[in-house]
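Student: Build me a model:
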Amino acid sequence: MHLEPQEVLQDYNRILKDYARSAKVAGFRKGRVPLSLAEGLLKEKIIARLLDEKLIPLLREEILKRAKPVRNPVLKNWNFSKEKGVDLEAEFEEIPEYDVEGYKNLQVEVEKMEVTPEEMVENTLKDLQRKNAIMEKKKEPAGEGDQVYIHLQRIDAKTKKRFPMEKYIVQASDKEELPSRLLGKKAGEVFTYTETYPEDYPVKRLAGKEVLHEVKVVEVRRPILPPLDDAFARKFKYKSLKEMRERLFQRAEEQLKDMKENRIRERIKEKLREKNPVPVPEALVDEEFRKLAASTLMDITARGGKVSEEEWVSMSPEIRREAERRVRDRFILLKIAEKQGFEVDKKEIKEKIKEMASSRGVTQKQMREILKREGLSEEDLKEGLLVEKALQYVREHAIIKETERAEEGKKK
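Tutor: Residues are numbered from 1 along each chain as shown. Next up is the predicted model:
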């Protein structure tokens, strides 16, 4: 893209005067530095600011008139002259042309929910019992569900460097790696194990390293569950256990309704993908994969689990497939939104920010700062709202059929 001198000089001179007013140069009072001297000293800064404020936005605007880039174009080359103007060259990956079909009156089969409201109530009560249990010290080895207080020391197996000692309370269980290692261990016992962390592990000091884990069992406690009675219910602001069960039943019905709706929406997206195998840019799949991978690893770590290199090699292909599904879903639904003429205005974006702020317990101003730190723009929010409108449209026009769950091993 080429811009003539008269198209940029006004902004160039404005930035030059701004810098001259604030420049500190020996022999001159602040605000009295000659423009020619300020230009000579600060030309690189002036041009950099001109690029950020004027030229790159103009370049992106021009590209958007002619193409649909995957992400913001990257400036590759530029040449600035007050006499000849500006030449700009950018590089970008373009979104391929595609269309979608078969989204109206979509026929979708969804398996009936297996769990009942009554079962959900009982599970909730058991969970609350566990969370309100009195923890009693025990000398016997840790069993399933016991709380184990540990000191964890990580040591770099190669350099022998010791990382800061960590303290954890872990529930012994055979479902995850560290919790399963604690089964059968008594207070005072020390054991070690070695693990190699994947290269893209979210904790950078551990990524790619073979690490020796030295675990000291400080204390083992078993849970003493409180009885399910009216006194228990009153702890949760209910008058009686009967009222508590009734309220939990109502909540369970609402949750099941939401779960059913989410299942329908997922099946809709699956059917749309089957009907529309649209191409998706690898750059976007890579970006989504990195987000999902980091989220998955952090979630496992937060639960006291670890991921070995072998496990990561096994997990990552499915994470990548999920990343590709998410990108394809977005492309399909955005095209549906375009075909149906859906739009999102400033008011809807503002309401979305208000809703997000409320859910996180922050002010709208703080929410905008959070979005900025997370790299989410108003354009990203607009895209998300368009995707939601398109999915809701397909859902409203879909033909839903509930089916019984197929029994394992049953011949069809």
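
Student: Going along the chain, name the helices of the stretch 1-150 of the chain.
Tutor: Under the criterion DSSP state H, counting those that start in this stretch, the stretch 1-150 of the chain contains helices at 5-22, 35-50, 56-66, 117-131.

Student: how about the ones you listed, which one is nearest R221?
Tutor: For the helices of the stretch 1-150 of the chain, the distance to R221 is smallest for helix 117-131, at 12.7 Å, taking C-beta to C-beta. For glycine as for every other residue, the C-beta is placed from the backbone atoms N, C-alpha and C.

Student: now the closest residue to L206 other than its chain neighbours: how far from I15?
Tutor: Spatial nearest neighbour of L206, excluding adjacent residues (C-beta to C-beta, 6 or more residues apart in numbering): Y197 at 4.6 Å. Y197 is 48 Å from I15, where distance means C-beta to C-beta, to the nearest Å.

Student: need the helix or strand of this protein with the lowest average pLDDT.
Tutor: In the chain, no helix or strand scores lower on mean pLDDT, DSSP states H and E than helix 56-66, which sits at a mean of 72.

Student: picking that back up, can you pick out the residue with more neighbours from Y197 and I15?
Tutor: When neighbours are counted by other C-beta atoms under 10 Å, Y197 and I15 differ, and Y197 comes out ahead with 22 against 18.

Student: now the helices for the stretch 201-350 of the chain?
Tutor: Under the criterion DSSP H, counting those that start in this stretch, the stretch 201-350 of the chain contains helices at 230-234, 241-275, 282-302, 309-340, 346-360.

Student: element containing E402, please.
Tutor: In the assignment (DSSP states H and E), E402 maps to strand 399-403.

Student: Give the buried residues for that strand.
Tutor: When burial is assessed from 16 or more other C-beta atoms under 10 Å, strand 399-403 yields no buried residues.

Student: burial of the closest residue to P279 other than its chain neighbours, as a residue count?
Tutor: Spatial nearest neighbour of P279, chain neighbours left out: P96 (4.9 Å); criterion: C-beta to C-beta, 6+ apart. Residues lying near P96 (other C-beta under 10 Å) number 12.

Student: distance of P96 from P202?
Tutor: 32 Å.

Student: List the contacts of Q340.
Tutor: Residues near Q340 by C-beta atoms under 8 Å, 6 or more residues apart in numbering: 390, 393.

Student: Can you read off the pLDDT for V170?
Tutor: For V170, the model assigns a pLDDT of 92.

Student: residues in contact with it?
Tutor: Neighbours of V170 in contact, by C-beta under 8 Å, 6+ apart: 147-148, 150, 178-179, 182, 304.

Student: Can you give the contact residues for the strand holding E402?
Tutor: 105-112, 264.

Student: Sketch out the low-pLDDT regions of the stretch 51-200 of the chain for me.
Tutor: 63-75, 91-93 (pLDDT under 70).

Student: how about a cut-off of 90?
Tutor: In the predicted model of the stretch 51-200 of the chain, residues 51-98, 111-115, 130-131, 145, 174-178, 197-200 satisfy pLDDT under 90.

Student: What values do phi and psi take at V190?
Tutor: In terms of degrees, to the nearest 10, the main-chain angles of V190 are phi -130, psi 130.

Student: Could you find the closest non-adjacent residue to it?
Tutor: K216 (4.9 Å).

Student: That neighbour pairs with what?
Tutor: As for beta bridges, K216 partners with H151, V190 under DSSP bridges.

Student: Compute the number of surrounding residues for it.
Tutor: Applying other C-beta under 10 Å, we find 16 residues neighbouring K216.

Student: Report the contact partners of it.
Tutor: Here K216 is in contact with 150-151, 153, 189-190 (criterion: C-beta under 8 Å, 6+ apart).

Student: one more time with 7 Å, if that's ok
Tutor: Applying C-beta atoms under 7 Å, 6 or more residues apart in numbering to K216 gives the contacts 150-151, 190.

Student: This protein - how does it break down into domains?
Tutor: The record's domain parsing of the chain by automatic domain parsing lists 2-91, 134-224, 342-412.

Student: what pLDDT, on average, does the shortest one get?
Tutor: Confidence over domain 342-412, taken as the mean pLDDT, stands at 87.

Student: Same question for stretch 202-216.
Tutor: On average, the pLDDT along stretch 202-216 is 89.

Student: Straight-line length of it, end to end?
Tutor: Stretch 202-216 has an end-to-end distance of 25 Å (criterion: C-alpha to C-alpha, to the nearest Å).

Student: cool, and stretch 86-101?
Tutor: So stretch 86-101: terminal residues 44 Å apart, C-alpha to C-alpha.

Student: now stretch 20-30
Tutor: Using C-alpha to C-alpha, the two ends of stretch 20-30 sit 8 Å apart.

Student: Pull out the buried positions in it.
Tutor: Buried-residue list, stretch 20-30, by 16+ other C-beta under 10 Å: 20, 23.

Student: which residues sit against that stretch?
Tutor: The contact list for stretch 20-30 (C-beta under 7 Å, 6+ apart) reads 31, 33, 35, 37-38, 42.

Student: Only the buried subset of those, as a ChimeraX command please.
Tutor: Applying 16+ other C-beta under 10 Å to those leaves a buried subset, and the ChimeraX line that selects it is:
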select :33,38,42
